[in-house]
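# sequence plus the predicted model coming up.
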Amino acid sequence: MRDVVITGLGICSCAGIGWNTFWESIRSGRAAFHVAQMELATLRVNLVGSVNAALDADSAYRSSNTPQVAFNRTFELLSNAAALAIEDSGLPSACRVSTRGGIVVAIGGLSECMVGSDCELRSCKPTHPLDRLRQLPNIGAALVAIQHRLEGPSVTLIGDATAGVQAILQASELVRNGVVDYALCGAADARLTVDHVAEMAKRQQMSPATSASNACRPFDIAGQGIIASEGAVLMLLECGETASRRGARIYAGIKGSAVGRKECSGWSTAMCDAAALFSDNVDGIIAHGDGTPASDAEEANTIDEVSRRLGSHPLVTSVQGIIGHCMCASGVFAVASTCLALLTGTIPILRSLREPVNASIRFARPAVSYAPPHRLLANTRGEHGTIVCVALERVI
C-alpha cells in the first residue's frame, strides 16, 4: 500500500481563482458574498457566493482554459479547476503521457445539467448536435479526461456536500492500490439557479441577512442560516514516493477517513475514528460550520465531547463564513483549506464569531496563539445525515 499525497490544487471560488488568491481572502477574514436580490415569490434572498466577479478578474486565464464546447457553468468551473490543479502540480507533460491518470469528481445533482436543454430540444429552434450531451452528468469528467489525456478510470458522483469528499477518497484508493499513477479529484457545483435557491429557502436554510458582515456566522449563537454559493476544487493526487522523487510541492498527505450517520452518533463516531489515525493527537479541525443554528450546535457539542475524550483542545474554524455553502463542493473546500493550513502553518480565523454556541471550544480567533499544525481533520456533513471526517497530515 502506497502513501498518497496532494501535489496540485485548483480552485475556482467567489473568494478568487487559484489557491493563492483564495487563501489570501480566507486568511483576511473578508466575506466574499455578493448581492443577489433574487425575488422568489414571498421569499427574498439577498446574498450569494457567485464566482462571476472572480472569473471576470481573471478573464485571461478563463478564456485560455475553458474548453471550446462549454456545456454548462458547472462543467466550465470543473474544466478551469482541473487546468489549475495540473499546472500547479508541476507534473511534466511527458510524465503525464507515459503514466496512467484517472479522474473522480462529484457534481451537485442533475438540475444544473438539465437547465435550458429540455426547453431548447422541445422548441422549434435549431439546436447544436451536441446539445443532448449537456444532460449527461459525467460529460464534464469526460471532457477533462480527453483534454488532459487521462486514460484511467473516469468516475462521476452525484450527491450532497459529502460527495466531493467521497470522490477524493475514491481517487486516493486508486492511487494507493496502483490502479493509476496519479488522479484528479474534487467537485464542482454551480446551482445558483432560482429554482434551487428557492428550494433551499423554503427549507429555511438561507440566511436573511442583507449585509455580508452579518451573514453566515458559523458557531455563533446569532447564526441565521447559510449563504448559497458555487465553486470548484480539483486536486491532483499521486504516490508520496513519486512526488518526492520529482521534487513536487506536497500540500498534505491523506492519512485516512471515517464516516458516520447522524442517527447513529455520526459526528462522534467519525471524529473519534479519524482522530485515532493520529493516535488521538489532533492539532485542529476545519469544521463544517455552515451557520445554521441546529447543525452548528450539534457539531460544536460533539467537538467538545470528543476533545474531552481525547484529552486535547484542537483549534476549530470553518471557511463557510467567508465563501458560503458551495453545496456539493463544500466538503472539498474544507479539505482544500486544510491542505493550505498545513502548507502555510496557519489556521484561518473563524469570521464573525461573537458569542460561540459552545464556550468550551478553542475557536480560531485573532488573539488565540498556536503552533504550526501538523495533523488536521476536515469535517463535512451531507444533507441526508452522512458525516465524513478526513485526516490529513503535514509531509516534510
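Noted; the coordinates are in hand.
# every contact and neighbour count from this point should use C-alpha atoms.
Will do.
# strands along the protein, start to end?
Assigned by DSSP state E, the strands in the chain fall at 4-13, 16-17, 34-40, 43-48, 101-107, 154-158, 182-189, 231-239, 252-261, 284-286, 315-317, 375-381, 386-393.
# so for Arg365, which of these sits nearest?
For the strands of the chain, proximity to Arg365 was assessed by C-alpha to C-alpha; strand 315-317 is nearest, at 8.7 Å.
# ok, back up a step: turn the strands of the chain into TSV, including distance to Asp296, mean pLDDT and mean neighbour count.
What follows is the strands of the chain, written out as TSV (distance: least, C-alpha to C-alpha, whole Å; pLDDT from 0 to 100; neighbours: other C-alpha atoms under 10 Å):
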stretch	distance to Asp296	mean pLDDT	mean neighbour count
strand 4-13	23	97	28
strand 16-17	26	92	26
strand 34-40	23	61	15
strand 43-48	20	62	21
strand 101-107	25	94	29
strand 154-158	25	93	19
strand 182-189	23	96	32
strand 231-239	22	96	31
strand 252-261	16	91	21
strand 284-286	13	95	26
strand 315-317	12	96	24
strand 375-381	11	94	28
strand 386-393	13	93	27
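# any chance of those in a markdown table, plus distance to Glu299?
Listed next are the strands of the chain as a markdown table, based on distance: least, C-alpha to C-alpha, whole Å:
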| stretch | distance to Glu299 |
| --- | --- |
| strand 4-13 | 25 |
| strand 16-17 | 28 |
| strand 34-40 | 27 |
| strand 43-48 | 24 |
| strand 101-107 | 24 |
| strand 154-158 | 25 |
| strand 182-189 | 23 |
| strand 231-239 | 24 |
| strand 252-261 | 13 |
| strand 284-286 | 11 |
| strand 315-317 | 11 |
| strand 375-381 | 9 |
| strand 386-393 | 10 |
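# my read: Phe206 touches Ser229, true?
Check again: residue 206 is Met, not Phe. No. Taking C-alpha atoms under 8 Å as the definition, Met206 is not a contact partner of Ser229, at 11.0 Å.
# report the set of residues contacting both of those two.
Here Met206 and Ser229 have no joint contacts, going by C-alpha atoms under 8 Å, 6 or more residues apart in numbering.
# which one of the strands of the chain lies nearest to Asp273?
Counting by C-alpha to C-alpha, Asp273 lies closest to strand 252-261 out of the strands of the chain; the figure is 5.9 Å.
# where does pLDDT dip in the protein?
Along the chain, the parts satisfying pLDDT under 70 run over 35-47, 53-71, 94-97, 109-134, 203-204, 262-266.
# hmm, back to that, so which of the strands of the chain gets nearest His196?
When the strands of the chain are compared by C-alpha to C-alpha, strand 34-40 sits nearest His196, at 10.6 Å.
# looking at the strands of the chain, which is nearest to Ile26?
Here strand 16-17 is closest among the strands of the chain (C-alpha to C-alpha), at 9.7 Å.
# tell me the domain boundaries of this structure?
Following automatic domain parsing, the chain resolves into domains at 4-252, 255-393.
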